[in-house]
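Need coordinates for the following:
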Amino acid sequence: MTAAIDTNVIVGLWDAEHTLHRAARQILDAAFARGRLVISGVVYAELLAAPGRTEAFVDRFCEETGIGVEWELGERVWREAGTAYQGYVARRRKQKDADVRRILADFVIGAHALVRGYKLLTLDAGVYAASFPRLAIVTV
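Modelled structure (predicted):
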C-alpha cells in the first residue's frame, strides 16, 4: 500500500523539539514497513519554505528516506482539489465565518492521495475528513 505524506508530518519529523516528533517518526516507520511513501510536488514546494531548507536538502532527505516525489498530478487531481476547496469555502460561509483559512495546497494534497488511491499521513485529519470523505487518513 502506498501512503502520501502531508507536509506537517515531515516538518514535525524534522523538528526534534516538536511535540509530535516521536509520533511522526513512528507513523512514517510503520507506513514505510507496509509499502511505498510519496509526496506530491505541492508538499515538496511547501517543504522548501521551511527556514534554511534548500532543494539539495529536500532532495537528499527524500533520497535517503526512500520517499518518492510525484511531480505530475493530472487533470483529475486538480478538479477534485477545486471541488473540495469549493465545498470547504461553502461550509465556512454557512458557519458565518467568511474568512477562508485553508489554502488550496491542502486540497491538492488531499486530492492527490484520493485520486491515486493512497492513504494520507497527516497531523491535521479534520479538514481532510470533511473535504474528502472517501480518503483513507492516518493521523498522528
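
Could you list the residues in contact with the helix or strand harbouring residue 56?
Using DSSP states H and E, the element containing residue 56 is helix 55-65. With contact meaning C-beta atoms under 8 Å, 6 or more residues apart in numbering, helix 55-65 is reached by 10, 28, 32, 37, 39, 44, 47-48, 67-69. Bear in mind the C-beta positions are built from the backbone N, C-alpha and C, glycine included.

what do you get for stretch 69-81?
Residues outside stretch 69-81 that contact it (C-beta under 8 Å, 6+ apart): 38-42, 44, 62, 104, 107-108, 110-112, 114-116.

One more pass at 6 Å, please.
Outside stretch 69-81, the residues that touch it by C-beta atoms under 6 Å, 6 or more residues apart in numbering are 38-41, 44, 62, 107-108, 111-112, 115.

How about stretch 125-140?
Contacts for stretch 125-140 (C-beta under 6 Å, 6+ apart): 20, 23-24, 27, 84, 88, 102, 110, 113-114, 119-123.

Buried members of those residues into PyMOL, please.
Remark: buried members of these, expressed as a PyMOL selection using 16 or more other C-beta atoms under 10 Å:
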select buried, resi 20+23+24+27+84+88+110+113+114+119+120+121+122+123
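
Can you go through the contacts of helix 55-65 and name the buried ones?
10, 28, 37, 39, 44, 47, 67.

among the residues you listed, which one has the lowest pLDDT?
The member of the buried ones among the contacts of helix 55-65 with the lowest pLDDT is residue 28, at 88.

quick one: that residue and residue 123, what's the gap?
Note on residue 28: its distance to residue 123, by C-beta to C-beta, to the nearest Å, is 12 Å.

ditto for residue 57
As for residue 57, its distance to residue 123 is 21 Å (criterion: C-beta to C-beta).

same check, this time on residue 11
Distance from residue 11 to residue 123, counting by C-beta to C-beta: 9 Å.
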